[in-house]
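In: Following is a predicted model, sequence given first.
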Amino acid sequence: MTNILLVEDDPGIVANLTEFLKREGFSITAVNGQTKAMELLMEENVPFDLLLLDVSLSDGNGFSICAAVKAKMSIPVIFLTASGDEYSVVTGLDLGADDYIPKPFRPRELISRINSVLRRYGTKPVLFSYEGLTLDPGKAQVHKNGQELFLSALEYRLLLFFFQNRGTVLSRTRILEELWDLAGEFVNDNTLTVYIKRLREKIEDDPANPVYIQTLRGIGYKMGK
């Protein structure tokens with residue numbers, strides 16, 4: 001599992017990012033200032049694969065952390081910057097930052113940036129797998145028993161959401177709310193039924209007796225145990 005250190009002093013951003021990244025399969029440690037971040041980073045066995053740094057912190061700043069990290073170790077750094085703050089972007093890159101993303105940002109864009117940076121460092125991005133079915137968010141590819149499956153954008157997002165919540169019972173309402181957020185388009189109850197049917201036709205050996213996406217009558221759906 002990819003371990004990320006999030007250094008951010010806005011509690012709202014910390015809470016939302018932590019929840020989102022955990023659902024994406026990452027392990028997250030969050031601190032709100034330079035002192036705590038450096039204490040963790042300077043431990044003998046550095047457990048982090050990537051740093052997400054805000055520029056302005058409760059104590060110190062993200063620039064100092066980035067400079068210290070890049071001088072002593074090889075850990076990718078992505079800055080979270082205020083929108084339009086060109087100075088912060090240039091300064092961060094000059095200090096060795098690997099990428100930046102302006103606030104407010106789209107969560108899916110952040111995941112794409114994270115996976116891109118991890119690939120450059122040779123760190124394997126998160127990969128979902130269950131009963132011969134695999135989903136690689138970094139490449140947006142789905143394979144079954146080594147054979148690539150070609151899904152529509154919404155089918156892919158639906159499958160990703162099931163993987164992210166494997167073993168959890170998902171109500172139709174929750175799925176609809178998630179697809180609305182991810183797709184940015186109207187998805188109603190009838191459309192959901194159609195897309196689940198289409199997805200099963202592509203991933204199941206026997207769509208009438210699904211192994212991956214199980215129907216719980218009157219409750220919703222579940223993937224796996």
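Out: Okay, I see it. Residues are numbered from 1 along each chain as shown.

In: Give the residue spans of this structure that score low on pLDDT.
Out: Applying pLDDT under 70 to the chain flags the ranges 44-46, 83-84, 123-125, 138, 180-187, 225.

In: Nearest residue to the most centrally placed residue in it in space, please, no chain neighbours.
Out: The geometric centre of the chain, computed from its C-alpha atoms, lies nearest to Glu24 (Cα atoms, centre = their mean), at 3.9 Å. In space, and not counting its chain neighbours, Glu24 is closest to Ile111: 5.8 Å by Cβ to Cβ, 6 or more residues apart in numbering. In short, each C-beta sits where N, CA and C put it, glycine included.

In: Next up, the contacts around the nearest residue to Phe105 once chain neighbours are set aside.
Out: Nearest non-adjacent residue to Phe105, counting by Cβ to Cβ, 6+ apart: Leu80, 7.4 Å away. Contact criterion Cβ atoms under 8 Å, 6 or more residues apart in numbering gives Glu8, Ile13, Leu52, Leu53, Asp54, Val55, Tyr100, Ile101, Lys103, Phe105 as the residues in contact with Leu80.

In: Leu80: which element?
Out: Using DSSP states H and E, Leu80 falls within strand 77-82.

In: And the residue nearest to Glu24, how close does it get to Gly62?
Out: Spatial separation of Ile111 from Gly62 under the definition Cβ to Cβ, to the nearest Å is 20 Å.

In: Comparing the two, which shows the higher neighbour count?
Out: Neighbours per residue (other Cβ atoms under 10 Å) separate Ile111 from Gly62, with Gly62 holding more: 27 against 19.

In: Would you confirm that the more buried one contacts Leu53?
Out: Yes: using Cβ atoms under 8 Å as the test, Gly62 is close enough to Leu53 to be in contact (3.7 Å).

In: Identify the contacts common to these two.
Out: Both Gly62 and Leu53 are in contact with Val7, Phe79, Gly92, where contact means Cβ under 8 Å, 6+ apart.

In: so which of these comes closest to Val69?
Out: Val7 (10.4 Å; Cβ to Cβ).

In: which residues sit in contact with Lys197?
Out: Residues near Lys197 by Cβ under 8 Å, 6+ apart: Pro207.

In: Only the buried residues of the helix or strand hosting it, if you could.
Out: The secondary structure element spanning Lys197 is helix 189-203 (assigned by DSSP H and E). Along helix 189-203, these residues count as buried under the neighbour rule (16 or more other Cβ atoms under 10 Å): Leu192, Tyr195, Ile196, Arg198, Leu199, Arg200, Ile203.

In: Skipping its backbone neighbours, what lies nearest Ala30 in space?
Out: Take Ala30 and drop its neighbours on the chain: the residue closest to it by Cβ to Cβ, 6+ apart is Leu6, 4.4 Å away.
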